Structure formats: C-alpha cells, structure tokens
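Colleague: I would like to see how this sequence folds:
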Amino acid sequence: MSVVKSTIPDSALHVTGDALQSTLVELLGLSLIGKQAHWNIVGPRFRSIHLQLDELVSTARSFADTVAERSAALGLPPDGRPETIASRFTLPGPKDGWVRDADVVQIMVDALGSAITRLRERIEATEKPDPVTQDLLITITAELEKQRWMFAAENVSGEG
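Modeller: Numbering: from 1, shown residues only. Next up, the predicted model:
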C-alpha cells in the first residue's frame, strides 16, 4: 500500500530511501548509545560529559524525526522498530556496566566518526537522485561533525 506517491522517479527513490532508512537507523542507534553512556558514565569529568551526551541524544532524536518525516513525505514508510535498529545498527558502542569518562569520550568519537563517514557516502549517492535529501544529510553531517569535535576536544591533554 502506498499512501503518498513521490514526485521523484522510482530509481532515484530507491537510492534516496536506502539513504534515509540507513540514516534513521544510525541516528536512533546513536541516541541509544548516548543514553547508555549517559546512565553509566563515571569519573572526574562525569558532569560535563553527562550533559554533552544529553545534547547529542537530543540532536540525534530530532534529526531522526526529520529523516523519518522526509521518508514518509516521499511515500516510503520509515522503519524505526526496535528489531530493525537491533538488526541493522553497526556503530561501536559501550559495553554493559560502568564506563570511565575517557572511554565514553572515545566511544562517542568513534561512533560519530563512523556515522559521519557513512553519511558522506550517502551525500554523494543522493546528489543526483534527490538533492533535497542530500541537503538534509549535509545538515545532519555538519551537526554530527560538531558533536564529534566537542567530544574529541575532551581527549586533548593540554601537555606539549
């Protein structure tokens, strides 16, 4: 059943749909990684990183909603079911239990770096099929790069 018929050709819709669905999975997964780390972080930088994780989670959830709505607007039902996220999410995340603040920072730098790399591939893939979706992916990438920079700055020692 199709509720909405897209204005872009089917071949372009396929590429765009794959890009949006993969991005939705990664954003929802990032929000879960962020919350897991948020609840389990320990160490002297607890408070600042705890708050930074909240900012990342809010950003990821907001963009996930935007991505899902873009998909729906194109007539593609977004799939954010828990089983979909669990089966398709592949970014690195924390193990169970308490996580040291420095480890949380590295986990977030790595997860965001992987997400950004994949988003850049999707930006390239959607350039011709759907520049509107490409623009959305560019916006998301810029914000995730900012978030990655902010976490990476936590790892600078200040020595030398």
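
Colleague: elements contacting the helix or strand that contains Ser71?
Modeller: Using DSSP states H and E, Ser71 falls within helix 46-73. Contact analysis of helix 46-73 by 3 or more C-beta pairs under 8 Å, 6 or more residues apart in numbering; DSSP states H and E lists helix 10-40, strand 41-42, helix 101-125, helix 131-153 as its packing neighbours. (Each C-beta comes from the backbone N, C-alpha and C, glycine too.)

Colleague: buried stuff in it?
Modeller: 49, 52-53, 56-57, 59-61, 63-64, 66-68, 70-71 (16 or more other C-beta atoms under 10 Å).

Colleague: among the residues you listed, which one lies nearest to Thr126?
Modeller: Among those, Arg70 lies closest to Thr126 (C-beta to C-beta), at 10.9 Å.

Colleague: any figure for the gap between Ala86 and Leu28?
Modeller: As judged by C-beta to C-beta, to the nearest Å, Ala86 and Leu28 stand 10 Å apart.

Colleague: more neighbours, these two?
Modeller: Neighbour totals were compared for Ala86 and Leu28, and Leu28 leads with 24 against 11 (other C-beta atoms under 10 Å).
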